[in-house]
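> Generate coordinates for the sequence data below:
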Amino acid sequence: MKAGDERIGAISKLSELEAEWARRLAEAEERARTSGQSDVADYLALRTLNDMARNTGVEWLLATFTAQAGEANRAGGAIVLTHTDAHRFRVGNSTMVGRRLALSAGVRVLTVEAGWPRTPGDGIVRGGGLATARISHFGDSRAGVELLLMQSAEDGAPRWLVLDATGAQPSAPLEESHVRQHVARLLH
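Numbers count the residues shown, from 1 in each chain. So this is what the prediction gives:
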């Protein structure tokens, strides 16, 4: 088996698991509705909506970094990308489960980790967020930031917010220009 085949197999298994989970949640919601347990059905519907927002937010974050690395490579950047699915990482006392993207340029590495707790034993996302992410630069801890995925009050869309230096309060929304700066820092 080639290295690429191994990754495709892991993605396939993860996608099958996520599809099975979504199917079972939908069945549980339907059973709750038909048995008159509207509070349970409403909870399951909210969970499904939140999971969709989480997946969309994580996918956007990683796709944006991937696109910026692609632009840098077209300009001569030589960045190597490595994806890891079902990645576990600690944030405070909680364990997040999600995805990891590592961008390597020589000995420099920019890592993006994004996820959320999947079981009660994993803990919580601080600050009432849907998910959390961490951007870190190997050898330059001051350049790293933590992110919190929140639903916008205006339109309910998921938005990544950059946390302040204490990691306690959102200070600004994450924009593509921030991602571009992180990729540029990797190359310089």
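
> what's the nearest residue to residue 30 if we skip its chain neighbours?
Leaving aside its sequence neighbours, residue 30 sits nearest to residue 41 (CB to CB, 6 or more residues apart in numbering; 8.0 Å). To be clear about C-beta, it is placed using only N, CA and C from the backbone, and glycine gets the same treatment.

> Now for that neighbour, how many residues are close by?
18 (other CB atoms under 10 Å).

> Give me the secondary structure label for it.
helix (DSSP: H, G, I helix; E, B strand; the rest coil).

> swap in the one 3 residues further on?
On the three-state scheme (three-state DSSP), residue 44 is labelled helix.

> Where does pLDDT dip in the protein?
Scanning the chain for pLDDT under 70 picks out the ranges 1-18, 21, 25, 166-168.

> how about the residue nearest to residue 30, what does it touch?
29, 30, 32, 33 (CB atoms under 8 Å, 6 or more residues apart in numbering).

> Can you report phi and psi for the third one?
Right, the one you point to is residue 32. Main-chain torsions, residue 32, degrees, to the nearest 10: phi -60, psi -40.

> Okay, helices next: where are they in the protein?
3-34, 38-74, 176-187 (DSSP state H).

> circling back to that earlier point, how close does the residue nearest to residue 30 get to residue 27?
11 Å (CB to CB, to the nearest Å).

> Kindly report the same for residue 179.
Distance from residue 179 to residue 27, by CB to CB: 38 Å.
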